[in-house]
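Trainee: Let's see this in three dimensions:
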Amino acid sequence: MRTCRGILLLAALLLCVGVAACGREEDDQTESEEQAPGIRIGMSFDSFVIERWQRDRDVFVSVAKELGAEVNVQNANGDIEEQKKQIDYFIRKGMDVIVIICIDSDALQESVEKAKDAGIRIVAYDRLIRNADVDLYISFDNEMVGTMMAQALVDEGIGGENGGGNVLMLGGSPTDSNVSMVEDAFVRVMEDNGVTILDSAHAQGWKAELAAAYIYSHEALLEKTDAIMCGNDDLATQVVRALSENRMAGDIPVVGQDADLAACQRIVEGTQIMTVYKPVEKLATRAAEASVALARGESLQGEDVTVLENGNYEIPYIGLEPVSVNRDNIDDVIIGSGFHLKEDVYLNVPEKMPQTDE
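Mentor: Now for the predicted structure:
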């Protein structure tokens, strides 16, 4: 009898343990479901060749996470077919929003349409996807960028009231919609100031070595060149390096954009006269906020939201203002904002480092 009672007691105890375990399993499952992010964002980058993209990615992911979203980042490595596959992958995964830093502004219309048919919102980040019904295009004012680059050369004495001057234009990838916007604005200012565009070339895929190759193969043209416009600071790095080998660095004014550390160093060294600072923290933060709002089905709010004609579509557009940076304001704009550290900017010319009151 005692043995039977023991067996019955043990069975009852095991039953209670099993019920408790089931209860814990259900609780754990409920807790897991509650913790699962309700918003999923896919983000496809052209590549990370350009220095600033890593900063854009980190800020976007951080802000989106704070807002309760999970971000899946993919790198297409400059391959448009790979970027299309990534978008297809995001569609299959049922993302709420897909953010695209496009490789070719004219090659993703079908991908956008496919995503929209699946009920997914599309954000064109920094680069416009032309003739596509995207839910937001957010970038910097690219026409202003081109105007700033040109005006820096005019301020340097290229053209102006007396006209004259010859400029080379070494732009970025021709499939990037921003390139034509920047260059059109640049050319307008040059024409208004009587400056001749000696030649124009482009670096496919933003491959900076192509800019250097152009300089090496056009040394005779350099003798007629008064200034060089570079599509970004990465191209300018290679151009100035090539000019240095010809002992011409600092003699021919060079302009660029993105405020890369190397460009800021060249400005204080005297081998590049200006760059365009684009506060990517603001761009990435605003884009993350807008993406989460779109995922929640909210309309985009803010004084910065306007409308842009994009082929047959009218799309929401947010354009942030860039800042022209030269030797006179680099300490305030770049160092003062914390974009680059003072000791890094003045690494090669410590004797020119501004003094601080202690």
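
Trainee: List phi and psi for the nearest residue to Glu156 once chain neighbours are set aside.
Mentor: Take Glu156 and drop its neighbours on the chain: the residue closest to it by CB to CB, 6 or more residues apart in numbering is Pro253, 5.0 Å away. (Each C-beta comes from the backbone N, C-alpha and C, glycine too.) Torsion angles at Pro253 (phi, psi; degrees, to the nearest 10) stand at phi -60, psi 140.

Trainee: so Glu314 is in which element?
Mentor: strand 313-320 (DSSP states H and E).

Trainee: Residues contacting the following helix or strand past that strand, please?
Mentor: Going down the chain from strand 313-320, the next helix or strand is strand 323-325, by DSSP H and E. Contacts with strand 323-325, where a contact means CB atoms under 8 Å, 6 or more residues apart in numbering, come from 148, 151-152, 259, 264, 267, 274-279, 333-334.

Trainee: Paired strands for strand 323-325, with orientation please.
Mentor: Strand 323-325 pairs in its sheet with strand 275-277 (antiparallel), by DSSP bridges.

Trainee: Any idea how far the helix or strand in which Leu243 is found is from the middle of the chain?
Mentor: Using DSSP H and E, Leu243 falls within helix 233-245. Going by CA atoms, centre = their mean, to the nearest Å, the spacing between the C-alpha centre of helix 233-245 and its chain's C-alpha centre is 22 Å.

Trainee: ok, now which ones touch Val195?
Mentor: By CB under 8 Å, 6+ apart, the contact set of Val195 is Leu153, Val154, Ile158, Gly159, Gly163, Gly164, Gly165, Asn166, Val167.

Trainee: Just the pLDDT at it, thanks.
Mentor: Val195 is assigned 96 on the pLDDT scale.

Trainee: Show the pLDDT at the closest residue to it other than its chain neighbours.
Mentor: The shortest distance from Val195 to any non-neighbouring residue, by CB to CB, 6+ apart, is to Gly159 (4.0 Å). Here the pLDDT value assigned to Gly159 is 89.

Trainee: same thing with Ile50?
Mentor: For Ile50, the predicted pLDDT is 83.

Trainee: That one touches Gln257, doesn't it?
Mentor: No. In this structure, Ile50 is not within contact of Gln257 by CB atoms under 8 Å, at 10.5 Å.

Trainee: Could you name every residue contacting both of those two?
Mentor: Asn232.

Trainee: Of those two, give the one with the bigger neighbour count.
Mentor: Between Ile50 and Gln257, counted using other CB atoms under 10 Å, the more crowded position is Gln257 (32 against 19).

Trainee: returning to what we had before: top of the contacts of strand 323-325 by number of neighbours, please.
Mentor: Most surrounded of the contacts of strand 323-325: other CB under 10 Å gives Thr275, at 33 neighbours.

Trainee: That one touches Cys264, doesn't it?
Mentor: Yes. Counting by CB under 8 Å, Thr275 does reach Cys264; the two are 6.9 Å apart.

Trainee: residue ranges for the helices of the stretch 201-350 of the chain, please.
Mentor: 209-217, 219-222, 233-245, 261-269, 280-295, 330, 342-345 (DSSP state H, counting those that start in this stretch).

Trainee: Check those for me: which has the lowest mean pLDDT.
Mentor: Among the helices of the stretch 201-350 of the chain, helix 219-222 scores lowest, with a mean of 93.

Trainee: which strands and helices sit next to that one?
Mentor: Packing partners of helix 219-222 (3 or more CB pairs under 8 Å, 6 or more residues apart in numbering; DSSP states H and E): none among the helices and strands.

Trainee: before we move on, the earlier item: buried stuff in the helix holding Leu243?
Mentor: Asp233, Asp234, Leu235, Ala236, Thr237, Gln238, Val239, Val240, Arg241, Ala242, Leu243 (16 or more other CB atoms under 10 Å).

Trainee: quick one: the third one from Leu170, how far?
Mentor: With distances taken as CB to CB, to the nearest Å, Leu235 is found 6 Å from Leu170.

Trainee: Please enumerate the shared neighbours of those two.
Mentor: With CB under 8 Å, 6+ apart, Leu235 and Leu170 have common neighbours Ala203, Ala211.

Trainee: re the thing from before, extract the CA atoms of the helix holding Leu243 and return them as CSV.
Mentor: What follows is helix 233-245 as a C-alpha-only set of coordinates in CSV (Å, rounded to 0.1, in the frame of the first residue of the first chain):
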residue,chain,number,x,y,z
ASP,A,233,36.0,63.8,-52.3
ASP,A,234,36.9,60.3,-53.1
LEU,A,235,37.6,61.2,-56.7
ALA,A,236,39.4,64.4,-55.5
THR,A,237,41.7,62.2,-53.4
GLN,A,238,42.9,60.4,-56.5
VAL,A,239,43.0,63.6,-58.6
VAL,A,240,45.2,65.4,-56.1
ARG,A,241,47.4,62.4,-55.8
ALA,A,242,47.9,62.4,-59.6
LEU,A,243,48.5,66.1,-59.5
SER,A,244,51.1,65.7,-56.8
GLU,A,245,53.1,63.3,-59.0
